[in-house]
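> Can you look at this prediction? I've put the sequence above it.
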Amino acid sequence: MVQLLTPEGQRVTHPDYPLDISDDEIAQLYRDLVLVRRIDTEAIALQRQGELGLWASLLGQEAAQIGAGRALRPHDMAFPTYREHGVAWCRDVDPLTLLGLFRGTNLGGFDPREHNFNLYTIVIGAQTLHATGYAMGVVRDGAVGTGDPDRDTAVLAFFGDGASSQGDVNEAFVWAGAGNLPVVFFCQNNQWAISEPVERQSRVPLFQRASGFGFPGVRVDGNDVLASLAVTRRALDDARNAQGPTLIEAYTYRMNPHTTNDDPRRYRVGSEAETWKLKDPIERVRAYLTREVGYRPDFFDEVEAEAKKLAEHVRAGCRALPDPSPESVFDHVHVTMPGDLRAQKDDFVSFVAEVAS
């Protein structure tokens, strides 16, 4: 398992995944981790207060998501599940866009070209096929293996250990391997597919499945933001250089329930989570910055103040999200609305107005 930062906050090296990164850049990763966790905390509180219908927490998985998200170039494309709040943060997606999905004030309509981030996919594993199809388009557009860093494009698809048992994911592996496509599959193995432990899903480590489809797989410490960054950066570079797909298994743990509607006490013991608390992704970066670099408390106070300000934005902004108009369901079906759909929308608007009168 690739690890570059131990749970105690010590930097270590790996011969296959060197990482050229400054301490100031590591400090920025710490900032990302803290702010994303605060978004998650506020969203859970809003759901408990009746402001959101549901929320899927990322607690414990911040390092995997921030590391992978920061490895992307602006023109790369990301395909998430419904828990990749950290990746959305890295792609400059306003947290309120995500909250709107779970509040029901937006209908999932989204122009992915705005952030090169496809909005959340609820159907388990379907996004891996979306990503693979997009990677096919990248190849046909001649945007891979040209040597031009502003043109060569990679695709990053996220899914969980539970989704690895879905047919969609395995079909995506088949197509990606056969076509040598520029797609990186990033599996966050958080140990639990809702209530099903990973050992009941696979008799081998998940990253080893890649070999059967003809491309490499690697397991990374998913609570280590530096390792996640280094491994994903390498895999994306290989994809852009026409070296084909890679499967990354980020070995991590879901500290919170699967969603706010779940009760993990029914299927896992409390000592399990206590063990993983010692591997907290934020605390190990803080330990490094404090002990090894000598960052003063002022820096951490500034990050905490920023987190508090972000929390206020999330709370106030969520409650102020406007309800969608009925006809807005038509607005994001196509980039350019075809004539027949425009006619349907006009008929629907007339019908709603007639009923209202």
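Cool, got the structure. Numbers count the residues shown, from 1 in each chain.
> Please make it C-alpha for all contacts and neighbour counts, starting now.
OK.
> Strands along the stretch 51-200 of the chain, start to end?
In the stretch 51-200 of the chain, strands defined by DSSP state E, counting those that start in this stretch lie at 77-79, 155-160, 183-189, 192-193, 196-197, listed in chain order.
> Parallel or antiparallel, which strands does the third one pair with?
Right, strand 183-189. If you go by DSSP bridges, strand 183-189 pairs up with strand 155-160 (parallel), strand 246-251 (parallel).
> now do the last one
Taking DSSP bridges as the criterion, strand 196-197 forms sheet pairs with strand 192-193 (antiparallel).
> Now do the strand it pairs with: everything it contacts.
160, 161, 162, 163, 198, 254 (Cα atoms under 8 Å, 6 or more residues apart in numbering).
> Repeat the analysis, applying 6 Å as the threshold.
With Cα atoms under 6 Å, 6 or more residues apart in numbering as the test, strand 192-193 has contacts from 162, 198.
> before we move on, back to that, which of the strands paired with strand 183-189 sits most buried?
strand 246-251 (a mean of 28; mean count of other Cα atoms under 10 Å).
> what element comes up after it heading to the C-terminus?
Sequence order places helix 270-277 as the next helix or strand after strand 246-251, per DSSP states H and E.
> and that following helix, what's its mean pLDDT?
Helix 270-277 shows a mean pLDDT of 93.
> hang on, the earlier thing: output the strands paired with strand 183-189 in JSON lines; the columns should cover distance to residue 274.
Output for the strands paired with strand 183-189, formatted as JSON lines (distance: least, Cα to Cα, whole Å):
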{"stretch": "strand 155-160", "distance to residue 274": "22"}
{"stretch": "strand 246-251", "distance to residue 274": "16"}
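> and those strands as TSV, adding distance to residue 333 and mean pLDDT?
As requested, those are exported to TSV (distance: least, Cα to Cα, whole Å; pLDDT from 0 to 100):
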stretch	distance to residue 333	mean pLDDT
strand 155-160	22	98
strand 246-251	31	98
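> and the residue nearest to residue 2 when sequence neighbours are not counted, how far is that from residue 181?
Counting by Cα to Cα, 6 or more residues apart in numbering, residue 2 lies nearest to residue 220, which is 4.6 Å off, once chain neighbours are set aside. For residue 220, the distance to residue 181 equals 22 Å [Cα to Cα, to the nearest Å].
> returning to that earlier point: could the strands of the stretch 51-200 of the chain be laid out in a markdown table, adding distance to residue 303?
Shown next, in a markdown table, are the strands of the stretch 51-200 of the chain (distance: least, Cα to Cα, whole Å):
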| stretch | distance to residue 303 |
| --- | --- |
| strand 77-79 | 27 |
| strand 155-160 | 28 |
| strand 183-189 | 26 |
| strand 192-193 | 31 |
| strand 196-197 | 35 |
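> So which of the ones you listed is the most surrounded?
strand 183-189 (a mean of 28).
> Need the contact partners of that one.
For strand 183-189, using Cα under 6 Å, 6+ apart, the contacting residues are 154-161, 245-252.
> just stretch 308-326 next, same as before
residue 105.
> who's in contact with residue 205?
Per Cα under 6 Å, 6+ apart, neighbours of residue 205: none.
> so where's the stretch 251-357 of the chain uncertain?
Across the stretch 251-357 of the chain, nothing is flagged by pLDDT under 70.
> ranges for the helices of it?
Along the stretch 251-357 of the chain, counting by DSSP state H, counting those that start in this stretch, helices occupy 270-277, 281-287, 297-319, 339-356.
> Turn those helices into CSV, including distance to residue 207 and mean neighbour count.
Shown next, in CSV, are the helices of the stretch 251-357 of the chain (distance: least, Cα to Cα, whole Å; neighbours: other Cα atoms under 10 Å):
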stretch, distance to residue 207, mean neighbour count
helix 270-277, 21, 12
helix 281-287, 21, 23
helix 297-319, 35, 15
helix 339-356, 44, 12
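> do you know which of the strands of the stretch 51-200 of the chain lies nearest residue 279?
Among these, the nearest to residue 279 by Cα to Cα is strand 183-189 (14.9 Å).
> Quick one: distance of the closest one to the chain centre.
Chain-centre distance of strand 183-189: 10 Å, with Cα atoms, centre = their mean, to the nearest Å.
> If anything else comes up later, I'll come back, but that's it for now.
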